[in-house]
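[1] Have a look; sequence and predicted model below, questions after that.
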Amino acid sequence: MVTGGGSGIGRAIARAFAAEREEVTITGRRLEPLQETDSGRGITCAQVDVTDEAAVEALFAQPFDVVIANAGMGRAAPLTEVSLEEWTQTLTVNLTGTFLTFRAAMRNMPKGGRLIAIASTQALKGGGRIAAYAASKHGVLGLVRSVAHEVARREITCNAICPGFVETPMAEAAVKSVMASRGLDEAAARDMVVSNNPVGRMIQPDEVAAAALYLASPGAAMVNGHALSVSGGEI
């Protein structure tokens, strides 16, 4: 199960597991992007909003061995320009959505299951103009570390993947925001966005998917409560 499977990291993860001949279900608020992720790969698409408690509970009427809470949102803006509505929406999607997903998944998850949250390097540090996003991802990491203790005796693991800027629509929005606020062209704005990454480029979605495959593998059975940074050395 991959939430937010209609684009970006979620799409890459879903396709990576499907390529390993796993039975994959993806969720999202819009059906068309989910179907584009599938494109004949045999992926099951479920139109579900992760902030809808009843819909999430119904989704997990059947158990899943691996559950990846990927659905998220974020916008760069000074804190003084963040409305209460935007603050609440960011925490609701990123943090409450992960809580609802994990809570429902834990009820029937079989022994040896895997819970994985897609967090961010911003779960491990702070930064200007991303207060709402960083706060939500810090919360996700706290949730992961606590859940790891609850499920350990069931031989289930709970971990977070913390990518830096990944080549996704969300990152492109960040680039456009920098262009608008700093008066830079696209190349200069992209350079600024990835300036904290020693490698000097955006991370590819497939590189995050590879981390998810590892955490879901038998070889990661003793990796629990961990924040796996995929950031080129940023963290």
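    Received the coordinates, thanks.
[2] Other residues contacting the lowest-mean-pLDDT helix or strand in the chain?
    Within the chain, no helix or strand scores below helix 169-182, which has a mean of 88 by mean pLDDT, DSSP states H and E. For helix 169-182, contacts defined as CB atoms under 8 Å, 6 or more residues apart in numbering pick out 7-8, 72-77, 165, 184-186, 189-190, 192-193, 202. For every residue, glycine as well, the C-beta is placed using N, CA and C.
[3] Same check on stretch 26-40?
    By CB under 8 Å, 6+ apart, the residues outside stretch 26-40 that reach it are 1-7, 10-11, 14-15, 43-50, 59, 71.
[4] Then stretch 136-150?
    Stretch 136-150 is contacted by residues 69, 72, 74, 90-91, 93-95, 98-99, 102, 106, 115, 117, 119-120, 122-124, 157-160, 162, 224-225, 227 when judged by CB under 8 Å, 6+ apart.
[5] following the strand or helix carrying Gly10, which helix or strand shows up next?
    Applying DSSP states H and E as the criterion places Gly10 in helix 8-19. Proceeding N to C from helix 8-19, the next assigned helix or strand is strand 25-28, under DSSP H and E.
[6] Only alpha carbons, please: show that next one as CSV.
    C-alpha atoms of strand 25-28 as CSV (Å, rounded to 0.1, in the frame of the first residue of the first chain):
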residue,chain,number,x,y,z
THR,A,25,-2.4,-0.8,-4.1
ILE,A,26,-2.1,3.0,-4.4
THR,A,27,-4.3,5.7,-3.1
GLY,A,28,-4.9,9.4,-3.9
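[7] so after that strand, what's the next helix or strand?
    Going down the chain from strand 25-28, the next helix or strand is helix 31-38, by DSSP H and E.
[8] Just want the angle from that following helix to helix 8-19.
    Angle of helix 31-38 versus helix 8-19, following axes from the mean of the first three to the mean of the last three CA atoms, to 10 degrees, is 50 degrees.
[9] Domains of the chain: list them as residue ranges, please.
    Annotated domains of the chain cover 2-164+203-229, 167-202 [automatic domain parsing].
[10] Need the outlier residue of this structure, farthest from its centre.
    Distance to the chain centre peaks in the chain at Gly183, reaching 30.1 Å (criterion: CA atoms, centre = their mean).
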